[in-house]
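**Student:** dropping a prediction and its sequence here:
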Amino acid sequence: MIPERLTALVLVLACVNVAGVTAQTVHQIEIVGDKDQNRFRFSPARVTVQPGDVVQFTVRSGPPHSVVFDSSGLSTAQRNALDQAIPDRMSLLSGPLLTRQGQVMEILVPQLPAGSYRFYCLPHRAYRAEGELVIQE
């Protein structure tokens with residue numbers, strides 16, 4: 001009798017846990033560069049995400065590239081949360097230098113207030129290689 005009650009309890013708890021889980025969305029952003037035409041960009045340049053989503057930045061052409069988040073207007077807490085989400089940071093809010101075609105930098109979107117978080121490619125900032133993460137609640 002006890003094993004049957006235990007089995008029923010486990011099934012109930014499993015159903016409760018599954019109902020509260022939301023799927024994690026993976027967003028792809030390509031970093032594209034054409035040296036001959038002096039054109040460097042993120043594609044898409046604007047992505048709408050939620051905390052807990054994954055964003056993958058992939059070098060498609062024209063390396064080296066990087067992903068650096070603009071700290072303008074960010075609180076200390078926002079800056080720290082975003083900085084901690086960046087792997088292999090080169091400096092504050094700055095991801096590693098991506099030197100190979102196909103190289104990927106991936107971030108898990110941290111718990112941040114809804115709003116716009118701008119980023120750019122440091123080696124190609126003069127070419128306006130910029131993008132934006134829009135976080136929804």
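**Tutor:** Alright, I've got the coordinates.
**Student:** now the longest strand seen in the chain: how far from the chain's centre is it?
**Tutor:** The longest strand of the chain (DSSP state E) is strand 26-34. On the basis of Cα atoms, centre = their mean, to the nearest Å, strand 26-34 is displaced by 12 Å from the centre of the chain it belongs to.
**Student:** who's in contact with that strand?
**Tutor:** Contact partners of strand 26-34, identified using Cβ atoms under 8 Å, 6 or more residues apart in numbering, comprise 39-44, 47, 49, 53-63, 65, 67, 98, 121, 124, 129, 131. In short, each C-beta sits where N, CA and C put it, glycine included.
**Student:** stretch 130-137 now?
**Tutor:** Counting by Cβ under 8 Å, 6+ apart, stretch 130-137 makes contact with 29, 42, 44-51, 55, 109, 112-121, all of which sit outside it.
**Student:** mean confidence for it?
**Tutor:** Summarised as a single mean, pLDDT over stretch 130-137 is 94.
**Student:** buried stuff in that stretch?
**Tutor:** When burial is assessed from 16 or more other Cβ atoms under 10 Å, stretch 130-137 yields the following buried residues: 130-133, 135.
**Student:** which element is the residue nearest the centre of the chain on?
**Tutor:** Per Cα atoms, centre = their mean, the C-alpha nearest to the average position across the chain is that of residue 55, at 3.3 Å. Residue 55 belongs to strand 54-59 when assigned by DSSP states H and E.
**Student:** what pLDDT, on average, does the helix or strand just after that strand get?
**Tutor:** In the C-terminal direction, the helix or strand that comes right after strand 54-59 (DSSP H and E) is strand 68-69. Mean pLDDT, computed over strand 68-69, is 98.
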